[in-house]
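[1] 3D, please:
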Amino acid sequence: MLRHSLALRLLAVAAVWLVAALGGTGWLLSALFARHVDQTYVRQLEHQLSSLAAALDWDGGHLVLTRAPADPRYELPYSGAYWQARAGKALLRSRSLWDTEMPAAATRRVDGTTADVRPGPEGQSLLVVARRIVLASADTPVELAVALDRTELRTARQAFNRMLWWSLTALGAGLLLAVAAQVKFGLAPLARLRQALAGMQARRESRLGGAWPSEVEPLVREINALLAHNAQALERTRRQAADLAHAVKTPLAVLANDADALPGAAAASARRQIEAMRRQVERHLARARAAGAAASRGTRIDAAAAAAELARALGRLHAAKGLEIAVDGSGHFAGDRQDLLEMLGNLFDNACQWAHSRVRVSLSESGAESGAAPAGTVDNATAGAMLQVLVEDDGPGMPPEARALATERFGRLDESAAGSGLGLAIVTEVAGLYGGRLTLDSSPLGGLAARLTLPA
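    The predicted structure is shown next:
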């Protein structure tokens, strides 16, 4: 998923960096605090050691304390605060040591201090500051040591670490949210570019407009250049197809005139082949014109008015059959009016040719609220709407296998279903150029139901 999302990539990189940075910061602060605590307690022990050294004296070969220490914990057994003075066999210690002695061997030194760690009574771990002193009353060196249970130190460190890691976690979450907001804000022009491209496609505009950030502006220029190049290439192709088709029409007209000079059956056969070629030329002319129109800016056409106009024209054309042609509903078409008339004209003419007495045309819009924009414009509110045109007749209908052939895109003339002519294949192709489709089914009237779906 990370491969397909710039936002997730940026967030992942930011998250890794934040974890590493805040983790390193937390470890460093914890180590600095632990060292500060150790140094603070060591200084207190050094002050107490100096005070005890000043109170020690010799009395008849025995060490004595001339004044009691100020800390009352030295009088409580196993209180965690201890002192001890030793000179040969002479030993003086705090009441808190009770009947034990302070170990002489250290388990480790405390970095950056003169203290070390030693095991104490009741399984305690002691922070010990020891010094060899010589009293003024005798030349015998005295080993003086003061100690403090490290439980206080560990408690202070644990409390600090808990507060530190909760604070860093909250800071990391806040920074990650800030990064997410920054990523969303920073990538917003890309989302706007996508929306602009979708809107441009819906309105069939030829280029992207608007103001863009300097980082996105080169991309917009390249997109506009590509669109212009494609439009030019499409226009050249359309003109070439139209020129070729027109160039073929003149020889076909000459052949048609020459065919009249042939004897009976040969003339009829030649005229049929010439007519088939002529219809193929007309078909490709329609496709070339529709391709050019679909690629250009479209307008919103009132489909109901166009359908009513065609119904009146075909009613007059098939007046001999006395057909009832009813047009109901409303809707719009986002495209070229001539393309709409060509598609509807083929469908209406096909229905009138096969209907016995009745043709029914129903129009509607779906997928978005119709009428959101006035005729002649296309906006984002209606970009997703689709026009549905249903043309039904009461004729003999069309077999399912013939329907598939009749709507097959780019099918040849002899691949169309019998009775449908080439018109349905042209309708399918022109509708496809607009992203629409033509489907054929049975009608409740008894004949064929042709449903044309186009963008509204």
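[2] tell me which stretches of the stretch 251-400 of the chain form helices.
    264-295, 303-317, 337-354, 400-406 (DSSP state H, counting those that start in this stretch).
[3] winner for burial among these?
    Counting by mean count of other CB atoms under 10 Å, helix 337-354 has the highest mean neighbour count of the helices of the stretch 251-400 of the chain, with a mean of 21. Every C-beta, even on glycine, is put in place using the N, C-alpha and C of the backbone.
[4] packing partners for that one?
    Contacts defined by 3 or more CB pairs under 8 Å, 6 or more residues apart in numbering; DSSP states H and E place helix 337-354 against helix 264-295, strand 299-302, helix 303-317, strand 358-366, strand 386-393, helix 423-433, strand 448-455.
[5] please redo it, this time with the cut-off set to 7 Å
    If you count contacts as 3 or more CB pairs under 7 Å, 6 or more residues apart in numbering; DSSP states H and E, helix 337-354 packs onto helix 264-295, helix 303-317, strand 386-393, helix 423-433, strand 448-455.
[6] in CSV, list these along with mean pLDDT.
    Compiled in CSV, these are given as follows (pLDDT from 0 to 100):
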stretch, mean pLDDT
helix 264-295, 69
helix 303-317, 88
strand 386-393, 92
helix 423-433, 81
strand 448-455, 91
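[7] any idea of the mean pLDDT for stretch 167-184?
    Taken as a whole, stretch 167-184 carries a mean pLDDT of 92.
[8] repeat for stretch 194-212
    Stretch 194-212 comes out at a mean pLDDT of 74.
[9] same question, stretch 126-134
    91.
[10] check the offset of it from the chain's centre.
    What separates the centre of stretch 126-134 from the centre of its chain is 66 Å, taken as CA atoms, centre = their mean, to the nearest Å.
[11] contacts for stretch 101-112 next, please.
    Stretch 101-112 is contacted by residues 35, 38-39, 42, 82, 84, 93, 116-119, 127, 145, 147 when judged by CB atoms under 7 Å, 6 or more residues apart in numbering.
[12] ok, stretch 183-190 next?
    By CB under 7 Å, 6+ apart, the list of residues contacting stretch 183-190 reads 6-7, 10-11, 212-213, 216.
[13] just the mean pLDDT for the one helix or strand residue 57 maps to, thanks.
    Assigned by DSSP states H and E, residue 57 falls within strand 56-59. Per-residue pLDDT over strand 56-59 has a mean of 87.
[14] list the buried residues in it.
    By neighbour count on 16 or more other CB atoms under 10 Å, the buried set for strand 56-59 is 56, 58.
[15] after that strand, which helix or strand is next? Please name it.
    Assigned by DSSP H and E, the successor of strand 56-59 is strand 62-65.
[16] who wins for proximity to residue 366 among the helices of the stretch 251-400 of the chain?
    Taking CB to CB, helix 303-317 is the member of the helices of the stretch 251-400 of the chain nearest to residue 366, at 13.2 Å.
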